[in-house]
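*Asks:* missing the sequence, but the structure's below:
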């Protein structure tokens, strides 16, 4: 059988169907994931029943959602998008289904690439990355754009600009490092190179908390908004942690729970955006991520947090070295599995939550930086994590610079610019085959 | 008679659709090489995983006269090492680093990797014959070399009891003999105990001191290799007529009749 051809045909068919639906109806979140999952838990086995029943269940879910939307529209006059509402229902549904689902990833599917190289002297590379970080920070403070071109600041204007630029440089670098640390921890914990803090659900929870505050208070202060986002992040973290403490819950499944939370959050946000209210604009501004408003008071705590997460990661280096070998091996060596998973996911969650305040919920740095660190040959747990943090910081500095310069004199949102770098990278990563 | 390593009373393991182990009562002797044999799905791997505390079970199991759940994880790992059936890819790890992971039960998450740890790693590397490629990446080794590297990790753990789940199923015949001889040597020369899940009944009879056979989640027989190597016993275990031949040196060999 020509496996590649069959795969291509199946993927093409699926994409074609999905594209038709999107073209006709717009984006419908989640039915595609929830319907087959639901059918499977109802006991359908084999591809035949699955294909026969999934469309029926999907049709049912979407009809119910559409009916709900129409009912709400009839009573309040507010028209929510149906696609957002399906996510609202599908997200919790999936969270509820997860512990009941069985099934596994076929072996070998997660290993898209050949073995990564391993450096004989990782210290040198780490040192080089550290210097590059410092150099980048210096250069980025020094040069800037003026209305008629580029300029290198002289000493007096350097002194004048430093207090303005330094906080955001520190904040951007710390956020990048924190996200990268979270990504490296998760990738080692799950032994999955595609795990990233964005799918942990923490950012989604943070956005929900943020949105809730904008609606609860008439004139929300920055502190109230941060508290809201923190609370949202903490709640979704607690949810994910509850999944982890299930003894048999594999780490890959935890990421699925995170995806469900993220999808739930994005559907709520989508619904809010659809109303076009003033709150929606506020949320939109935060979502795309910006470092322009941050002062020293916000930057230094973030730096302290990134540093302490790094120190904690160094302290758990033996866990990080052993966990990629799987639960059986780690358990056989006497590793406290549940404690290790809980504390590492907690650590990653805190790092993500804090960085999300600054750069918004989606940035890809948490995915890219650990991966890059591994590809340049940082193999040992300590080297890998440290290298990822440095690369994350450098990437974020670059994104911050780009965000300031690309649309001068207007500033592009930092998170948006980071995604602009990150998304093509992710696509490139996924299309690279093992050949 | 030797003393008891594992005391198993009325042990059952259930998954939603069926019983993997059904009321097993059994004593495993210490200081011996014990083979767990049986047909596919007989529950031998499940039993081994219960003993390694990898899966929960109903019933009462003691290890060195203490109940399994009363052991702290690191104390247990100091006394007992477990090698899973399939060894995962050790991404970017050298053989020496892999073997050094075996020291975790002794130094813990934060303890210093001291001289005793270094010495144990060196001993394990030499004992398993992997010292020559200690600095190579695990993933670049051949199947037999990799298996011995993982075995070395277990040895570095310096546990008195080794649990191995089909350690030779991926190896050629020369490496099978080599690995089993190594385990046997460690049992008898260093008074360790080993419990090994094996498919190959002749290998089990040749290398092991004590045989435990499972069938359909129940105990089918236990005894010495000579108790096993009888056509009636083999037929009862595997449900297939078997013939036992005698080699010139007196060793019995079982083949399907």
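*Replies:* Received it, and whenever you're ready, just let me know what you need. Here the structure is a predicted model, which means the values were calculated and not measured.
*Asks:* now stretch A:45-61, how far from the centre of its chain.
*Replies:* 30 Å (CA atoms, centre = their mean, to the nearest Å).
*Asks:* quick one: buried residues of that stretch?
*Replies:* A:53-54, A:57-58, A:61 (16 or more other CB atoms under 10 Å in any protein chain shown). Every C-beta, even on glycine, is put in place using the N, C-alpha and C of the backbone.
*Asks:* and which of those is nearest to residue A:173?
*Replies:* Residue A:173 lies nearest to residue A:61 out of these, by CB to CB, at 44.1 Å.
*Asks:* Strands of the chain, start to end?
*Replies:* No chain specified, so I'll use chain A. A:143-146, A:149-152 (DSSP state E).
*Asks:* right idea, wrong chain: chain B
*Replies:* So, for chain B - with DSSP E - the strands run B:4-15, B:18-29, B:33-38, B:58-63, B:66-67, B:80-83, B:161-165, B:193-197, B:210-215, B:218-223, B:242-246, B:252-256.
*Asks:* To residue A:38, which of those lies closest?
*Replies:* Here strand B:4-15 is closest among the strands of chain B (CB to CB), at 22.5 Å.
*Asks:* Touching that closest one from outside, list them.
*Replies:* B:19-31, B:43, B:46-47, B:50-51, B:55, B:57-65, B:161, B:193, B:195 (CB atoms under 8 Å, 6 or more residues apart in numbering or on different chains).
*Asks:* from memory residue B:203 sits against residue B:168, does it?
*Replies:* Yes. If you go by CB atoms under 8 Å, residue B:203 and residue B:168 touch, sitting 7.1 Å apart.
*Asks:* Count the neighbours of residue A:222 for me.
*Replies:* 10 (other CB atoms under 10 Å in any protein chain shown).
*Asks:* tell me the pLDDT at it?
*Replies:* Residue A:222 is assigned a predicted lDDT (pLDDT) of 72.
*Asks:* Roughly how far does it sit from chain B?
*Replies:* 39 Å (CB to the nearest CB, to the nearest Å).
*Asks:* could you give the angle of the lengthiest helix in chain B to strand B:193-197?
*Replies:* Longest helix in chain B by number of residues (criterion: DSSP state H): helix B:173-189. Taking axes from the mean of the first three to the mean of the last three CA atoms, to 10 degrees, one finds helix B:173-189 and strand B:193-197 inclined to each other by 150 degrees.
*Asks:* Which residues does helix B:173-189 contact?
*Replies:* Contacts of helix B:173-189 (CB under 8 Å, 6+ apart): B:31-33, B:127-128, B:143-144, B:147-148, B:151, B:155, B:162, B:164, B:167-168, B:171, B:192-194, B:196, B:200, B:203, B:206-207, B:209.
*Asks:* And the pLDDT for residue 203?
*Replies:* Chain wasn't specified; assuming chain A. In this prediction residue A:203 is given a pLDDT of 79.
*Asks:* try chain B instead
*Replies:* So residue B:203 comes in at 90 (pLDDT).
*Asks:* got it, and residue B:216?
*Replies:* 88.
*Asks:* For it, which non-adjacent residue is spatially closest?
*Replies:* Spatial nearest neighbour of residue B:216, excluding adjacent residues (CB to CB, 6 or more residues apart in numbering or on different chains): residue B:42 at 6.3 Å.
*Asks:* coming back round to it: would a markdown table of the strands of chain B with mean neighbour count be doable?
*Replies:* Formatted as a markdown table, those follow (neighbours: other CB atoms under 10 Å in any protein chain shown):
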| stretch | mean neighbour count |
| --- | --- |
| strand B:4-15 | 18 |
| strand B:18-29 | 17 |
| strand B:33-38 | 25 |
| strand B:58-63 | 17 |
| strand B:66-67 | 12 |
| strand B:80-83 | 26 |
| strand B:161-165 | 24 |
| strand B:193-197 | 25 |
| strand B:210-215 | 23 |
| strand B:218-223 | 16 |
| strand B:242-246 | 13 |
| strand B:252-256 | 14 |
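*Asks:* Please name the nearest non-neighbouring residue to residue A:172.
*Replies:* Residue A:172 sits nearest to residue A:400 (CB to CB, 6+ apart), 4.0 Å away.
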